[in-house]
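Visitor: Could you look at this predicted model? Sequence included:
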Amino acid sequence: MQKESFQVIDTGKDVIINDAAGARWLRLARPDKKNALTVAMYAALADAIESAQMRDDVAAIVFAAEGTAFTAGNDLGDFMRNPPAGFDSPVFRFLRAIAHSSLPLIAAVPGAAVGIGTTMLLHCDFVYATPNAKFVLPFVDLGLVPEAASSLLLPRAIGNLKAAAMLYLGEPLSAQDALALGLISAIVGPHELEATAAATAAALAAKPRAALLATRKLVRGGVEEVEKRMLAEGEVFRQQLASPEAQKAFAAFFQTRAARPS
């Protein structure tokens, strides 16, 4: 998809929000940091998802990213300076927004999807990824626990055994394995990735809107169980964030990063 065809409606810090052909595109635009998410980015994403629900001319939401990574997960420096203080914090607003979206969600994954980069895909209806994409959940390694209701949704999506390998051991999942397990819809070459997502969004926009949204609601089911799990995860997450083992894991991460050659 050529960027020139987008109508840019807002360019926030590190997130570009565009409407095009019946879809709202949310583009992570921090490639120098592998699109690591900051509090400001979460707030921009949450606002854009929430406002899209009220637009009759938007039939789908597409997540995309600049560069060769989807997202490295949370920007840990920003995260430690601005930890989630409650369930109204930007990160939880984003999680609730994707869980409660009435619109189909599409993701175009151009590379690594770490942490939230993978867990958010569990709320998507179509996920396209490049052959080099990989999916990693390093929560336990950081002394933390999963979020986005992934402790509920991931075992349902790929089975208990594979979910345990990803969540407990932090084992990465290749694009090929993700496709075989049903975590993604298709593997697409990097030059066709966004065009594929755009084609799906356009096909959705051409459908009878009320029937489409009603069908998605029936397929996805109620969100009460998902939100309950999100709240439970969030409470344990905040407890673990203050724990000695999380502090030790974060210190080791920053020490390793500081030791890398610039």
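Guide: Received it, and whenever you're ready, just let me know what you need.
Visitor: Just the CA atoms from stretch 250-257 would do, formatted as PDB, please.
Guide: Extracted as PDB, the C-alpha positions of stretch 250-257 are listed here (Å, rounded to 0.1, in the frame of the first residue of the first chain):
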ATOM      1  CA  PHE A 250      15.300  -4.900  34.900                       C
ATOM      2  CA  ALA A 251      18.700  -3.900  36.300                       C
ATOM      3  CA  ALA A 252      20.400  -6.700  34.300                       C
ATOM      4  CA  PHE A 253      18.600  -5.600  31.200                       C
ATOM      5  CA  PHE A 254      19.800  -2.000  31.500                       C
ATOM      6  CA  GLN A 255      23.300  -3.100  32.300                       C
ATOM      7  CA  THR A 256      23.400  -5.400  29.200                       C
ATOM      8  CA  ARG A 257      22.100  -2.600  27.000                       C
END
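Visitor: Strands along this structure, start to end?
Guide: When secondary structure is read from DSSP state E, the chain shows strands at 7-12, 15-20, 23-28, 60-65, 69-71, 105-109, 112-114, 126-129, 134-136, 173-174, 186-187.
Visitor: Any chance of CSV for those strands, columns mean pLDDT?
Guide: Listed next are the strands of the chain as CSV, based on pLDDT from 0 to 100:
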stretch, mean pLDDT
strand 7-12, 56
strand 15-20, 94
strand 23-28, 97
strand 60-65, 98
strand 69-71, 98
strand 105-109, 98
strand 112-114, 98
strand 126-129, 98
strand 134-136, 98
strand 173-174, 98
strand 186-187, 98
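Visitor: so which of the ones you listed comes closest to Gln247?
Guide: Distances from Gln247 to each of the strands of the chain were compared by CB to CB, and the smallest falls on strand 112-114, at 20.5 Å. C-beta here means a position set from N, CA and C on the backbone, and glycine is covered the same way.
Visitor: okay, and for the stretch 151-262 of the chain, where does confidence drop off?
Guide: Within the stretch 151-262 of the chain, the stretches falling below the threshold (pLDDT under 70) are 258-262.
Visitor: Just the helices from it, written as ranges.
Guide: Using DSSP state H, counting those that start in this stretch, the helices of the stretch 151-262 of the chain run over residues 160-167, 175-181, 193-205, 209-220, 224-241, 244-259.
Visitor: Out of those helices, which one sits most buried?
Guide: helix 193-205 (a mean of 19; mean count of other CB atoms under 10 Å).
Visitor: How about residues contacting that one?
Guide: For helix 193-205, the external contacting residues (CB atoms under 8 Å, 6 or more residues apart in numbering) are 1, 20-23, 59-60, 62, 64, 104, 106-110, 126, 128-130, 186, 188, 212.
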